[in-house]
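>>> only geometry, no sequence info:
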């Protein structure tokens with residue numbers, strides 16, 4: 001399973017903006033360096049593609065619109081789950097990332113995205129008067145000894161969530177496995193799903209395809225209006241995040257089509 005996971009991750013890099021730009025520029029440099037006249041036109045095309053992709057995706061207007069088309073699909077949730085479901089109440093926060101350092105608190109070890117997501121998860125608990133169970137997930141990523149779910153759990157405890165009200169999925173590699181783990185825990189019982197606003201559309205596709213009943217609670221919104229003439233690395237990051245989600249949703253649709261053929 002992990003082999004397929006890493007293969008999918010590696011393959012996806014070739015269609016991400018930054019690797020694509022680097023590959024184009026490296027091809028152009030290689031052709032120029034070795035004066036491969038036979039491939040001169042190809043080298044010029046690579047140079048043009050690399051520079052134009054960099055300019056477009058680092059532009060404020062382009063990056064904001066790419067992100068907004070994803071983030072506008074689900075509004076911020078202000079409705080307590082108790083008004084939707086009278087049975088068991090669960091709030092699930094998907095995995096993100098952390099930097100493990102036992103010298104600092106778990107809250108400070110979380111990435112900014114993970115901390116924003118956990119904060120929203122706790123806010124959802126507050127909407128339900130803390131009657132819900134918090135579900136956190138995520139493996140170690142192969143880089144740290146402690147699974148992300150355990151760091152999230154400890155951070156939630158530091159922020160006031162009772163330990164007995166937290167469930168962890170420390171072996172879930174990605175959103176698909178998170179959905180499968182949640183399915184085994186609650187079946188089709190409605191629950192609050194917290195993740196980044198850009199990731200929410202793909203997450204909802206995955207969870208509903210697994211016959212779960214998520215209520216979207218997006219957070220960590222990236223899209224913001226900016227001057228059309230402004231270029232920055234931050235804009236490039238937002239564009240790459242958005243394109244990653246578009247590619248992921250396309251892959252889900254292709255898999256579904258192949259399965260149904």
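Arrived safely, thanks for sending. Keep in mind the model is a prediction, meaning the values are calculated, not measured. Residues are numbered from 1 along each chain as shown.
>>> the longest helix in the chain is where?
For the chain, the longest helix by residue count, based on DSSP state H, is helix 233-260.
>>> got the buried residues for stretch 137-150?
Neighbour counts over stretch 137-150 (16 or more other CB atoms under 10 Å) mark 137, 138, 139, 140, 144, 146, 147, 148, 149, 150 as buried. The way it works is simple: take the backbone N, C-alpha and C, and place the C-beta from them, glycine included.
>>> turn those into a markdown table, columns for distance to residue 242, secondary structure and pLDDT.
A markdown table is the format used below for these (distance: CB to CB, whole Å; DSSP: H, G, I helix; E, B strand; the rest coil; pLDDT from 0 to 100):
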| residue | distance to residue 242 | secondary structure | pLDDT |
| --- | --- | --- | --- |
| 137 | 23 | strand | 96 |
| 138 | 22 | coil | 94 |
| 139 | 25 | coil | 91 |
| 140 | 27 | coil | 86 |
| 144 | 27 | coil | 81 |
| 146 | 30 | coil | 94 |
| 147 | 28 | coil | 95 |
| 148 | 23 | helix | 96 |
| 149 | 26 | helix | 97 |
| 150 | 30 | helix | 97 |
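>>> what stretches of this structure score poorly on pLDDT?
Scanning the chain for pLDDT under 70 picks out 1-12, 14, 81-88, 257-261.
>>> nearest the middle, which residue of it would you pick?
The residue lying closest to the centre of the chain (CA atoms, centre = their mean) is residue 199, at 4.7 Å.
>>> now that residue: how far from residue 146?
Per CB to CB, to the nearest Å, residue 199 is found 23 Å from residue 146.
>>> how about the helices in the protein?
Going by DSSP H, the chain shows helices at 2-12, 17-33, 40-57, 60-71, 106-109, 112-127, 148-158, 175-186, 200-209, 233-260.
>>> and of those, who's closest to residue 93?
helix 112-127 (3.9 Å; CB to CB).
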